[in-house]
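Enquirer: got a sequence here, can you build the structure:
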Amino acid sequence: MFQHSPALRLVCFPGAGGTTELFAQWPNLLPRSVALTRVQYPGRAERLGDPLPRHLGELAEPVAAELTAADATDPPVVLFGHGMGACVAFETAHLLQTAHRAAPRALYVCAQAAPTHQDPPPGPPDEGAARPAHGVPLATAQADIRLAERYRARYRPGPPLRCPVTALVGAHDRNVTTRHAQGWQPCTTGPFTLRALRGDGPALMRSTELIAFLLTGLGLAGAAR
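Expert: Numbers count the residues shown, from 1 in each chain. Have a look, this model is predicted:
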């Protein structure tokens, strides 16, 4: 059987109090042309003994460094972040574009207000942090919340991204609405798309509508699984 080289690498970042299990169903939903990488943060699951980060950038820096160190023949990178993971993906995109001069092909931010938004959502920074995923100690989930809060409080806009940015929200999500997500538009000079999908919270990550929208946006609709 011939081995098919992937058309792109999709790097996924879970939210506060979450693990890579948030994307557990994605390998069954994505085509063979997409190489999936799920980022596991320290202090949980198989990384339980690793020290917790002091600031959000410590989650983005090793991912950016690893992506930059990849072979030149590796496929283009697309970043996808849910909740707090959207901010980690955003910071990773900035590092790739500025420090490493290798901008991602696209950035998808899901269920997360832009860091520039002056009116933060009424709920916690991440719904999942109130109910940590299996393998995540409560103390780690609480540390994630503090990490996200510090990031928002200390955020200062830098140069905008050049890649396309797509902001996704759940149509019935009362914490992160289209108004909150619209704030991502000034974060890029590239195309910006805002879309509300059925479902909200972690359930949105299991939505076939989300996967279909993602693949259509990447030009991979109908690709073989």
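
Enquirer: so for this structure, which residue is the most central one in space?
Expert: Nearest to the mean C-alpha position of the chain, by CA atoms, centre = their mean, lies residue 81 at 0.9 Å.

Enquirer: surely it meets residue 108?
Expert: Yes - here residue 81 reaches residue 108: they are 7.2 Å apart, a contact under CB atoms under 8 Å. Every C-beta, even on glycine, is put in place using the N, C-alpha and C of the backbone.

Enquirer: so what sits against both of these two?
Expert: residue 89 (CB atoms under 8 Å, 6 or more residues apart in numbering).

Enquirer: show me what the residue nearest to the centre of the chain is bridged to.
Expert: Beta-bridge partners recorded for residue 81 (DSSP bridges): residue 13, residue 109.

Enquirer: and the helix or strand where residue 140 lies, what does it pack onto?
Expert: Element membership for residue 140, per DSSP states H and E: helix 138-154. Where contact means 3 or more CB pairs under 8 Å, 6 or more residues apart in numbering; DSSP states H and E, helix 138-154 is packed against helix 84-98, helix 127-130.

Enquirer: residue 178: which of those is closest?
Expert: Of all those, helix 84-98 sits nearest to residue 178, with 14.7 Å by CB to CB.

Enquirer: ok so, going back, and the angle from the very next helix or strand once past the helix holding residue 140 to helix 84-98?
Expert: Using DSSP H and E, the helix or strand that follows helix 138-154 in sequence is strand 165-170. Relative orientation of strand 165-170 versus helix 84-98 (axes from the mean of the first three to the mean of the last three CA atoms, to 10 degrees): 180 degrees.

Enquirer: for whichever helix or strand comes after strand 165-170, packing partners?
Expert: Using DSSP H and E, the helix or strand that follows strand 165-170 in sequence is helix 178-181. Applying 3+ CB pairs under 8 Å, 6+ apart, one finds that helix 178-181 makes contact with strand 165-170, strand 192-197.

Enquirer: partner strands of the first one and their direction?
Expert: Just to be clear, that refers to strand 165-170. Note on strand 165-170: by DSSP bridges, its sheet partners are strand 106-110 (parallel), strand 192-197 (parallel).

Enquirer: what is the least confident helix or strand in the protein?
Expert: Ranked by mean pLDDT, DSSP states H and E, the helix or strand of the chain with the weakest confidence is helix 127-130, at a mean of 56.

Enquirer: relative to helix 84-98, how tilted is the helix holding residue 140?
Expert: 50 degrees.

Enquirer: pull out the buried positions in helix 138-154.
Expert: 140, 141, 143, 144, 145, 147, 148, 151, 152 (16 or more other CB atoms under 10 Å).

Enquirer: rounded mean pLDDT for that helix, please.
Expert: Rounded to a whole number, the mean pLDDT of helix 138-154 is 94.

Enquirer: and that helix, C-alpha only, in PDB?
Expert: Taking C-alpha atoms only, helix 138-154 is exported to PDB below (Å, rounded to 0.1, in the frame of the first residue of the first chain):
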ATOM      1  CA  LEU A 138      -8.200  20.100  40.700                       C
ATOM      2  CA  ALA A 139      -5.100  22.100  41.700                       C
ATOM      3  CA  THR A 140      -3.900  21.900  38.100                       C
ATOM      4  CA  ALA A 141      -7.200  23.100  36.700                       C
ATOM      5  CA  GLN A 142      -7.200  26.000  39.200                       C
ATOM      6  CA  ALA A 143      -3.700  26.900  38.100                       C
ATOM      7  CA  ASP A 144      -4.900  26.900  34.500                       C
ATOM      8  CA  ILE A 145      -7.600  29.400  35.400                       C
ATOM      9  CA  ARG A 146      -5.100  31.700  37.100                       C
ATOM     10  CA  LEU A 147      -2.800  31.300  34.100                       C
ATOM     11  CA  ALA A 148      -5.500  32.400  31.700                       C
ATOM     12  CA  GLU A 149      -6.600  35.300  34.000                       C
ATOM     13  CA  ARG A 150      -3.000  36.600  34.300                       C
ATOM     14  CA  TYR A 151      -2.600  36.400  30.500                       C
ATOM     15  CA  ARG A 152      -5.700  38.500  29.900                       C
ATOM     16  CA  ALA A 153      -4.700  41.000  32.600                       C
ATOM     17  CA  ARG A 154      -1.200  41.500  31.300                       C
END
